[in-house]
Structures are given as structure tokens and as C-alpha cells.
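Novice: Mind looking at a prediction? Sequence and model below.
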There are 2 protein chains.
Amino acid sequence: MAAEWRPVRQSRTHELVLERIEEQVVAGELKAGDRLPPERELAPVLGVSRSALREALRVLETIGVLVAHAGRGPDAGARIVRNPDDALGRLLRLHVALGSYNLHDVLEARVVLERSSFEAAATHASAEDLAEAEETLRRMQEPDVTVPEFNDLDTSFHVQIARSSGNQLTSTLTSAVRESVRPLILEALEAAEDWPATAAALNAEHTALLTLVREGNGPAAADLAEQHIRGFHGTLVPDTDPSPSGD
Amino acid sequence: MAAEWRPVRQSRTHELVLERIEEQVVAGELKAGDRLPPERELAPVLGVSRSALREALRVLETIGVLVAHAGRGPDAGARIVRNPDDALGRLLRLHVALGSYNLHDVLEARVVLERSSFEAAATHASAEDLAEAEETLRRMQEPDVTVPEFNDLDTSFHVQIARSSGNQLTSTLTSAVRESVRPLILEALEAAEDWPATAAALNAEHTALLTLVREGNGPAAADLAEQHIRGFHGTLVPDTDPSPSGD
DNA sequence: GTTGTCATGTGGTCGGACCATAACGAAGGT
DNA sequence: ACCTTCGTTATGGTCCGACCACATGACAAC
């Protein structure tokens, strides 16, 4: 066989722009809060068209590293920011919807992450965090709460606990994973045979969880959280798509 | 105070397009493998310009939900895929570089995720997985391995274990988190006072880890993994940027 | 002073042209 | 018949120039 010729597949220009900006971020030359030059100036400097530059900026915006505001003044223009939460949430949500991850995997990930969150929250949660979480639970116990509202509040509770753990990363991951199964959980809740009983059971568990966190009993909170999550996922559809392997 | 008037801030069109496509994905109308219509057809159907459509597609591509190939034939065009790994890796890498997450948070996340990975790998890893991981360790023990090579192989080992855990989601997360600190770990390794001794110690720990996984001793593997990771991170720079809170 | 209006600078959108790539298919030679 | 060659075509990728939307600031009119 002659020398195998690999296709060159040269990068698309917007990817080159992206690499260039990423380099500057990793090298610390671009920090949070910094402003990029206006698109009309930056594009010719980089030697690309404004469209290509804009596609690169769009990517950065997608992953929560950049925001752009039109208009004039100090708030206008493209700024480096640190907002990974939305990006991570959308990513996981879409991939769960696509079946990149089956429900069992998501369950295990939730268990692992939330065990950690509850355990850390038990030692790190501030009084404000606890009051906020308690308020959330109170609203979940109102008799006329609808199923979607209940689902949103449930998400809020778990996210609040994660935030109060003091760990930004696990908090973000917890939130994103919880968000990714929100439609499935909503479906399961609406299909519940005895909704009031289900809600009451969940409320009881949440209250017990918050009590353990308030007492600073991390291990017990983690164990109960695991039990809580496993019980909940047990009511979901068994599985969506085994998806033998990547495409 | 009079009624507070919030600005309307109507969505940008590419975001509307994005929502539209996301809906179809979540609703299951677009599945992995499906092809989208050509940009020149789809844009007028959605009532937007090709540029706006392309920015939306670029976002989807960024989060690993879509790939596009030029040319003709069955491989050409925009296809729905499931490739979250690159997207997650880039996201975390950039945000760690930006200081969205400090080193302590990343350490705790690694501990939590990799404990889970090693524990699951102890019961789920196949013979091929173990052989592959062993080969990686063998190459790390070669005397003339360079520091960057060692770092890459170290990453590979941890990712291989994560993959063999059978959980796609924790595997992806583990890999992404490990990738995000790769530059920092490389820096630490290169600053090691006694590199051969450091490498030997790490190799010994890796070998012990693999042995425990092979024996199916999940809890012990998890404990040793935690110790391994904590010891490693202890050699890194103490902290980068406390970053009081989000902007 | 307050208010209205215009100028300016920024991102956002659009349309159309052209380039690059890869498969297809017809023409032609063997 | 088969294979090669080369033009054709469908697709994404890039570029340009214009215009729109938005927010601020400056200035004029009252």
C-alpha cells in the first residue's frame, strides 16, 4: 500500500478565531470583566470577516464566557463573564432529551452529587440559606400548589441546598443534572396515582432533610438524600433508550 | 414608588431559532441521526436570514448536538448527533481558567466523581477495560517518559476507569473535570522537586488502584482514589482567585 | 432645570455573492 | 463492459456591504 494520505481538514476560520480567544483566556490575558474590541474593529485585526468572528463570539456566549450588549456606554460591547450555569443546564438538558444519557446514569450522578451537596451544606449552610430553603418548602406545602409549581419548587430546593454547600462547581453540576430531568419528573408527577399523598410524602422527606442539614448532621442528610432521590427516580419510566454506543 | 417597569428585552432571532429547534429535540421530533434541511431552505421556512440560522446551528454544534459537513451525499448537511464530551470539556476548561471555580471546588468535585467511578468500575469493568488501563500504566512506568506525556497518560488512566464504570454521564463529567485542571497539574508536575520519586509514587498508587478494581473491591478503590487525588491536589498552588460572587 | 431631539457607537439582522468540498454522472478512452 | 476523467451540483463556509435596533450622550428648545 502506498503512503496513506490523511485528509487535512483545515480548521474553519471561526474555529481559529475561537482558539485565539481561548488561548488568551487560558493565558490570563483576558479576564472576567474585560471588554473585547467592537466587532467591526476586531474582525479586520484578526483577518476574518465579521460573520466568522461573530460565530466565534456566539460560541463563547453559548458556554457562558461572554455576554454582549448593544448600545453605548460602559455596559455596551462584548464582555468576558463567568456564567457557566445556563450553558451547562442547556447542554445536559438537550443531551438527556437526545438519549445521550439514560435515566439510570442520571440517577447515579444525582445521587453522587447531591449526597455531596447535602453533606457539605450541613456544615456550610448559612442562616439565610436555611431560611430560604425553608420558605421554599413552605410554599410546596400550600394545598393549592399545582404540579408544575411543585416541580419548580422541588428543583429550587435541591438547587438551594447545592448552592449553600459552598462549592460552586458541584452546585452548578447538581443544578444542571436536576434541570435535565425536570421534564421527566414533571411527567412522573402528573401521572402519580394519588397526588396529594405523593406530595405529602415528598414534603415530609424534604422537611426531614432540611432538619438534618440544620442540625449539621451531614452523613445522615446524605443518606436520606440518596434514599429520597432513588425513591423518586423509581417512579419514572424505566428507561428510554439503551443507545448501544456513540454514533 | 410607581409600578416598576421592566425592560422587555425581546429575544434575538437566533435565540428564537434555537428555541424552536430545541423544542423539536425535547419533543423527540428530532432524534440523533436526523438530518436538517439545507440552510438555504430552512432559513426562509423559519423566516430568518441564513446568518441568524447559522448562529443558532453554531450554538447547537458547540454543545455537541449537531455536526455539519459540506459536500454532497448522505454524509453531507447538518445532522443531529450525541457528542457532549468535547463541549463539556471546553466549558469546564475555560471556566476553570477564568476562575469561575477555584481549585478547592474542583478537587472536591473530582473526589466525589472519581470515588463513584472507581467504585462502579470495580464491579463493571470488563477484561478489555482492565487490559487497556494496565497498558496505560505500563507506559507511564517507562523511564524516559516526559512530564507532559506522563500527564496525558495520567488523564487517560482516570478517564479509562471512568468509562469502564458503565456510566456515561459520570464518565463524561469525570473526564471534563480532569481535563479542566490538566494545565495546572502539568505545572505542578514540572515544578516537582524530585520528579522520579514523584512519578514512582504516583505509579505505585495507580497500580494499587487498578489492583483493587480488578479484585472488585469497590469501597477500598474509592477510598484510595480519594487519597490519591487529595494528595495530588495538595501539591498544586493553594488557590487562584476567591472570586467573591458572580457578577 | 426639564424636556425633547438628534448624533453616535455598539451589537443584530439581512441579502447576495462567491469559495471549498464532496458526491454524482456523463463523456470518453481502453 | 470497465475504468478514468472531468464537469455538474448540492451543500456548508466565508465575505461584504447595507441597514435595523438599542442605549447613551450632547445639545437645543422650552
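Specialist: In hand now; what should we look at? These figures come from a predicted structure and were not determined experimentally. Numbers count the residues shown, from 1 in each chain, chains lettered A, B, ... in the order given.
Novice: what secondary structure does the residue in chain A that DNA strand D sits nearest to sit in?
Specialist: As assessed by Cβ to the nearest atom of the strand, DNA strand D sits closest to A:Gly71 within chain A, at 2.3 Å. All C-beta spots, glycine's among them, are computed from the backbone N, C-alpha and C. Here A:Gly71 is recorded as coil under DSSP: H, G, I helix; E, B strand; the rest coil.
Novice: how about A:Ala192, phi and psi?
Specialist: When read as degrees, to the nearest 10, the backbone of A:Ala192 gives phi -60, psi 140.
Novice: per-residue confidence at the nearest residue to it once chain neighbours are set aside?
Specialist: Leaving aside its sequence neighbours, A:Ala192 sits nearest to A:Thr198 (Cβ to Cβ, 6 or more residues apart in numbering or on different chains; 4.4 Å). As predicted, A:Thr198 sits at a pLDDT of 89.
Novice: host element of A:Thr198?
Specialist: For A:Thr198, the element it lies in under DSSP states H and E is helix A:195-215.
Novice: now for whatever helix or strand comes next after that helix, which elements pack on it?
Specialist: Where DSSP H and E defines the elements, the next helix or strand beyond helix A:195-215 is helix A:218-233. Where contact means 3 or more Cβ pairs under 8 Å, 6 or more residues apart in numbering or on different chains; DSSP states H and E, helix A:218-233 is packed against helix A:103-124, helix A:195-215.
Novice: quick one: which of the ones you listed is nearest B:Leu98?
Specialist: With Cβ to Cβ as the criterion, B:Leu98 lies closest to helix A:103-124 of the helices and strands packed on helix A:218-233, at 22.0 Å.
Novice: buried set for that closest one?
Specialist: A:103-122 (16 or more other Cβ atoms under 10 Å in any protein chain shown).
Novice: can you tell me if the helix or strand that that helix is followed by touches chain B.
Specialist: Counting by DSSP H and E, the element after helix A:103-124 in chain order, helix or strand, is helix A:127-140. No. Using Cβ under 8 Å from any Cβ of the partner chain, helix A:127-140 stays clear of chain B, with a minimum separation of 13.3 Å.
Novice: near DNA strand C, which residues of chain A?
Specialist: A:7, A:9-10, A:36, A:38-41, A:50-51, A:54, A:57, A:68-72, A:76-78 (Cβ under 7 Å from any atom of the strand).
Novice: Report the buried members of the residues you listed.
Specialist: A:36, A:54, A:57, A:68, A:77-78.
Novice: Among those, name the ones in helices.
Specialist: A:54, A:57 (DSSP state H).
Novice: if we look at the lowest-mean-pLDDT helix or strand in chain A, which residues are touching it?
Specialist: Counting by mean pLDDT, DSSP states H and E, chain A has its least confident helix or strand at helix A:182-190, which shows a mean of 88. Under the criterion Cβ atoms under 8 Å, 6 or more residues apart in numbering or on different chains, residues A:93, A:96-97, A:103, A:147-148, A:150-151, A:154-155, A:195, A:198, A:232, A:235-237, B:26 lie in contact with helix A:182-190.
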